[in-house]
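Visitor: quick one: sequence plus predicted model below, questions after.
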Amino acid sequence: MIGWGKGLLWLALAAPAALMAWRLASGEATAFDLYQPTGELSLRLMLLALIPGPLAEFFGRGRFLRAWLSVRRNLGVAAFVYAALHLAAYVADMQALAAMLAELALPGIWTGWLAFAVLAVPASISTDVAMRRLGRTWKRLQWLAYPALALALLHWALLDRAWLPVLVHLVPLGLAWSLRIAARNGYRFRRRPA
């Protein structure tokens, strides 16, 4: 995607954060009110970053998937930014280190901290420079997005005590991975000649 296209993408990705900041500044929302939208947006952006790779293996790299693949690093970094905003909302809501430490042993809390720490690794190396310097190691480190996603989904399920929304979010990734497995076993989508 050319420069102006990525600029528009980042404007679109930043728009929800700007709206949340405005709601917070105007007193329309509290830090507690931002837990859910920041967390869910982070998860959805992670999914959007992880889905195109498996789809490309099955369907090939048509124009749509090439465009999607070209922005997946941006989507992953944006997922990390919204995870950081989620964490900032938590810190602002708790207001005291002692209160945060007191709940750190709860599975619903430490899974969130661990998901953030794991996601920080691929986010921090999502640059062209890091890609060149790390070589093959770069791709292996980017795979940490998968355990980060699993931990984030577990964090959500444990805190909300509801598994259905988590499972609904897993369906697209599960389908994409089913197609990847099919492609690796010799089944690929073939366009019919016109």
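Guide: Arrived safely, thanks for sending.
Visitor: next one: phi and psi at Y187?
Guide: phi -100, psi 120 (degrees, to the nearest 10).
Visitor: residues near it, how many?
Guide: Residues lying near Y187 (other CB atoms under 10 Å) number 11. To be clear about C-beta, it is placed using only N, CA and C from the backbone, and glycine gets the same treatment.
Visitor: helix or strand for the nearest residue to it once chain neighbours are set aside, just tell me which one.
Guide: Leaving aside its chain neighbours, Y187 sits nearest to F58 (7.8 Å; criterion: CB to CB, 6 or more residues apart in numbering). Taking DSSP states H and E as the definition, F58 sits inside helix 52-59.
Visitor: so what's the residue nearest to L55 when sequence neighbours are not counted up against?
Guide: Residue nearest to L55 in three dimensions, not counting chain neighbours: A176, with 5.3 Å by CB to CB, 6+ apart. Contacts here follow CB atoms under 8 Å, 6 or more residues apart in numbering; on that basis A176 touches 50-51, 54-55.
Visitor: 6 Å - rerun?
Guide: Counting by CB atoms under 6 Å, 6 or more residues apart in numbering, A176 makes contact with 51, 54-55.
Visitor: for these, pick the one with the most neighbours.
Guide: Among those, L55 has the most neighbours (other CB under 10 Å), with 23 neighbours.
Visitor: would you mind measuring from L164 to Y187?
Guide: Separation of L164 from Y187 (CB to CB, to the nearest Å) stands at 31 Å.
Visitor: repeat that for A98.
Guide: Distance from A98 to Y187, counting by CB to CB: 56 Å.
Visitor: likewise A123?
Guide: Remark: distance between A123 and Y187 (CB to CB) = 33 Å.
Visitor: ok, now L19?
Guide: 43 Å.
Visitor: the helices in the chain, which residues?
Guide: Applying DSSP state H to the chain gives helices spanning 3-26, 35-50, 52-59, 63-70, 72-94, 97-103, 107-124, 128-134, 136-142, 145-160, 164-184.
Visitor: I appreciate the help and will end here.
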